[in-house]
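Asker: Pasting a predicted model and its sequence here:
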Amino acid sequence: MRQLRQKGFVVILAVMAIAVIGMAMFALAGIANTMQFQSNNAYLNACERNLLSSGLVWARQNIQNKAGKNFNKTIQLDVSRMDIRASALDVTISVQSDKEAEVRVNTSCSRGRQTLKGSGKYRIEL
């Protein structure tokens, strides 16, 4: 009696193993992209909070120093020392009364294809 050769069965198993590995790699690539998006989003939120707090501190210091030349003008602050790539910070101070000033802070920061822009009005006591 002749023995049957099983080379075809081994090839089918190898092709199935490659297909399973390919599907696993596809799923892992999707998960990695999601993780990268979420980590970039967390980084951009932290950068926005840093820019916002820097803008508010700058505005408070200028209000306390009575730097009237900066009032009712949009000032673009230099944020290069913060080492946040593709970021911008604009601050506008307007005095509402003798005891309050309104500060408008516009922030923008980018990482990869994501850009996070923020804007807000805040009241600071004089």
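Answerer: Here it is on my side, so go on.

Asker: For the residue most central in space within the chain, pull up the helix or strand it's in.
Answerer: Note on the chain: the residue nearest the mean C-alpha position is Leu44, at 1.8 Å, using CA atoms, centre = their mean. Using DSSP states H and E, the element containing Leu44 is helix 7-64.

Asker: likewise Arg104?
Answerer: With DSSP H and E as criterion, Arg104 is part of strand 100-111.

Asker: pLDDT averaged over the very next helix or strand once past that strand, what's the number?
Answerer: Counting by DSSP H and E, the next helix or strand C-terminal to strand 100-111 is strand 114-125. For strand 114-125, the mean per-residue pLDDT is 91.

Asker: And strand 114-125, what's buried?
Answerer: Leu116, Ile124 (16 or more other CB atoms under 10 Å). The C-beta positions use only the backbone N, C-alpha and C, and glycine is treated the same way.

Asker: That strand packs against which elements?
Answerer: Contacts defined by 3 or more CB pairs under 8 Å, 6 or more residues apart in numbering; DSSP states H and E place strand 114-125 against helix 7-64, strand 100-111.
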